[in-house]
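> here is a sequence with its predicted model. Questions after.
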Amino acid sequence: MIDREPTSSNAEAGSRPVPTLPISRRTVLQMTGGAASLVTIPNMSAQSAPAPGQIGKALERVRLIVNGEARELELDPRQSLLDVLRETLDLTGTKKGCNQGACGACTILLNGRRVVSCLTLAAMHDGAEITTIEGLAKGEELHPLQAAFIQHEGLQCGYCTPGQIMSGVGCIAEGHAGSPEEIQFWMSGNICRCGAYPGIVAAIADAAERT
Amino acid sequence: MLPFTLEKAQTVEEAMAAATAGARFIAGGTTLVDLMREEVERPERLIDINALPLADIHVEGDALVIGALARMADVAAHPEVQALQPLIAESLIEGASPQLRNMASIGGNLLQRVRCPYFRMLDAPCNKREPGSGCAAIDGLHAGHAILGTSNHCLATHPSDLAVALVALDATMRVMGPQGERNFPVEDLYRLPGDTPHLEHTLLPGELIIDVHVPAGAYSRRARYLKVRDRASYEFALVSAAAALDIEGGRIREARLAAGGVGTRPWRLRAVEEALIGKAPDRPAFEAAARLAVQDARPLKHNHYKVELLPRTIVRALEMTGEVA
């Protein structure tokens, strides 16, 4: 089902090439999920929908096109799109922050539009095209907004960054990145608790000018 | 989240049949999925209505017609909405976040549940969630709660900005149900809490919102929505006001006013409207009329500030209508 082996995807480390580790950070977190010192993230994972089939209800057959790749899935209708991306497809670049639609950390593009993936049921999106942070770069070449986030230091801890970048891509595509004030208003669905907002706004303004 | 079954309706008839048998409609899901995860909402059967052809936005005669499945972002960005009813576009842009506006439907926006923190707190009493259990807000924290239309059983405000604009503009809605089609003012969708706060709207079992009709008025283009809140965007209103004026020969001929954040339902301000008729559109007239908005206010300990903030918000919104070209 879910590939627990180390993968070539370095989603957790951003898209810079890092040496392949014998064991991924995610695997470590999963193995040590019961340790008190690591409760925060594993507990959030534990709150996600139960494994498919657990309750004996009929599973939904769903076809998603994720970052250009067709995926055939059998899903419990309770699974949010966020949980399917993270838990079923192991695309952990998309982050779970509040899980209530308030923080924007889980922002993805759904059929080209930015949405919060925590507040939508994956089984309702048969045939949908999804772009996550993992799908932005072309091989080693970063998306212009990813590069701009690095150049303008649009982050500190980085947890909100995938959501900020996906939301920023949507913001630019919508034509709402014409001024710093406009960017602030149209990026208000993404919270950064480190307060890296000046860098985020500068990165989006810069990338908008170039695209 | 508790188990449920999920089906997809291909026709309005299928959707109505499922809802008559107890299924809940789901469109954008931005309220329902959240509340299901908290187990405040516990539907056993969901019917996905997104495939129904109800997302159209068009003009019929002089009325703007907005399909129930149109998304908030699409309505706000629609050229005819912006040209004919800018108040609707402004109220939508002031609500939620860009991501949520891409997801949330117009019908779902009108039927969204309240944001009272006790409503989603399963260990607190809440008459809306569990009839007869009591209201934790009355003796608890209620700075964000209503001062108009409250009862001893519920103080929660209706959170929709769009509904405030629609109520101000005399919009009507068309619903389809097992007994056929009905049309009624959007204002009549909402009930006062009274002693049955768990009954929030007037839809009958199985009824589905089809579309919303917004009639054009001479005031439609001179209309603004002002939302006062704890941060500049992506926050619910402490107080909001929708204001529209028709001015001829330096006198107010017609006024449309409604308020959000203060009432247990979107609150039309007819006494204020009537007091403005025939007056010159100036600050003294606005202030005198706006006072009438709070004559029936029943503030509690933490939300007394709204008795002052509401008239001020109305005055400012009325002044903003003068900034419209």
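In hand now; what should we look at?
> would you mind measuring from B:A96 to chain A?
To chain A, B:A96 is 8 Å away according to Cβ to the nearest Cβ, to the nearest Å. To be clear about C-beta, it is placed using only N, CA and C from the backbone, and glycine gets the same treatment.
> show me what contacts that residue?
A:G189, B:T30, B:M72, B:A104, B:Y234 (Cβ atoms under 8 Å, 6 or more residues apart in numbering or on different chains).
> excluding residues flanking it in the chain, which one is nearest the residue in the stretch 51-200 of chain B that chain A sits nearest to?
The minimum distance from the stretch 51-200 of chain B to chain A, using Cβ to the nearest Cβ, falls at B:S97 (2.7 Å). The spatial neighbour of B:S97 that comes closest, neighbours along the chain excluded (Cβ to Cβ, 6 or more residues apart in numbering or on different chains), is A:G189 at 2.7 Å.
> which one of the contacts of B:A96 is nearest B:R224?
The shortest approach to B:R224 among the contacts of B:A96 belongs to B:M72, at 18.5 Å (Cβ to Cβ).
> can you pull the contacts of the closest one?
B:M72 neighbours (Cβ under 8 Å, 6+ apart): B:L92, B:G95, B:A96, B:L100, B:R101, B:N102, B:A104, B:S105, B:I106, B:N109, B:L162.
> could you redo the last one with a cut-off of 10 Å?
For B:M72, the contact set (Cβ atoms under 10 Å, 6 or more residues apart in numbering or on different chains) comprises B:28, B:30, B:91-93, B:95-96, B:98, B:100-106, B:108-109, B:161-162.
> again with B:I210
B:12, B:52, B:54, B:65, B:67-69, B:107, B:173-176, B:181-183.
> sketch out the low-pLDDT regions of the stretch 201-325 of chain B for me.
For the stretch 201-325 of chain B, the stretches flagged by pLDDT under 70 are B:325.
> how about the helices in it?
Counting by DSSP state H, counting those that start in this stretch, the segments of the stretch 201-325 of chain B that form helices are B:270-276, B:283-291, B:305-321.
> is it possible to export the ones you listed to CSV including mean neighbour count and distance to chain A?
Shown next, in CSV, are these (neighbours: other Cβ atoms under 10 Å in any protein chain shown; distance: least, Cβ to the nearest Cβ, whole Å):
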stretch, mean neighbour count, distance to chain A
helix B:270-276, 19, 29
helix B:283-291, 18, 27
helix B:305-321, 21, 17
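> which residues of the stretch 1-150 of chain B lie near chain A?
With Cβ under 10 Å from any Cβ of the partner chain as the criterion, the stretch 1-150 of chain B meets chain A at residues B:1-8, B:26-38, B:46, B:48, B:50, B:71, B:73-74, B:77, B:93-94, B:96-104, B:120.
> list the ones among those that fall in helices.
Secondary structure from DSSP state H places B:32-37, B:73-74, B:77, B:93, B:98-103 of the residues of the stretch 1-150 of chain B next to chain A in helices.
> does stretch B:154-169 reach chain A?
No - if you take Cβ under 10 Å from any Cβ as the test, stretch B:154-169 misses chain A, and the best it gets is 13.4 Å.
> got a list of what B:M320 touches?
Contact analysis of B:M320 by Cβ under 10 Å, 6+ apart lists B:E90, B:R222, B:A223, B:R224, B:Y225, B:L226, B:A241, B:A243.
> try it again at 8 Å.
For B:M320, the contact set (Cβ under 8 Å, 6+ apart) comprises B:R224, B:L226, B:A243.
> again with B:V33
Going by Cβ under 8 Å, 6+ apart, B:V33 touches A:S80, A:L119, A:T120, A:L121, B:I26.
> isn't the residue of the stretch 51-200 of chain B closest to chain A up against B:Y234?
Yes - B:S97 is in contact with B:Y234 according to Cβ atoms under 8 Å; the separation is 4.7 Å.
> give me the common contacts of these two.
The contact lists of B:S97 and B:Y234 share A:S188, A:G189, where a contact means Cβ under 8 Å, 6+ apart.
> which of these two has more neighbours?
Per other Cβ atoms under 10 Å in any protein chain shown, whichever of B:S97 and B:Y234 has more neighbours is B:S97, with 27 against 21.
> what sits closest to B:V294 if chain neighbours are left out?
B:V307 (5.0 Å).
> the one you found contacts B:D296, doesn't it?
No - assessed by Cβ under 8 Å, B:V307 is found out of contact with B:D296, at 10.8 Å.
> the residue in chain A that chain B sits nearest to: neighbouring residues, count only.
Closest approach between chain A and chain B, counting by Cβ to the nearest Cβ: A:G189, at 2.7 Å. Neighbour count of A:G189, defined by other Cβ under 10 Å: 25.
> sorry, back to before: ok, which of the helices of the stretch 201-325 of chain B comes nearest B:Q85?
When the helices of the stretch 201-325 of chain B are compared by Cβ to Cβ, helix B:305-321 sits nearest B:Q85, at 13.7 Å.
> and the contacts of stretch B:227-238?
Applying Cβ under 8 Å, 6+ apart, the external contacts of stretch B:227-238 come out as A:184-185, A:188-189, B:94, B:96-97, B:115, B:144, B:157, B:159, B:161, B:239-240, B:260-261, B:306, B:309, B:313.
> need the residues of chain A near chain B, please.
Listed as neighbours of chain B in chain A under the rule Cβ under 8 Å from any Cβ of the partner chain: A:49, A:55, A:57-58, A:60, A:77-78, A:80, A:99-101, A:104, A:107, A:113-116, A:119-121, A:123-124, A:167, A:170-171, A:174, A:176, A:184-190.
> thank you, goodbye.
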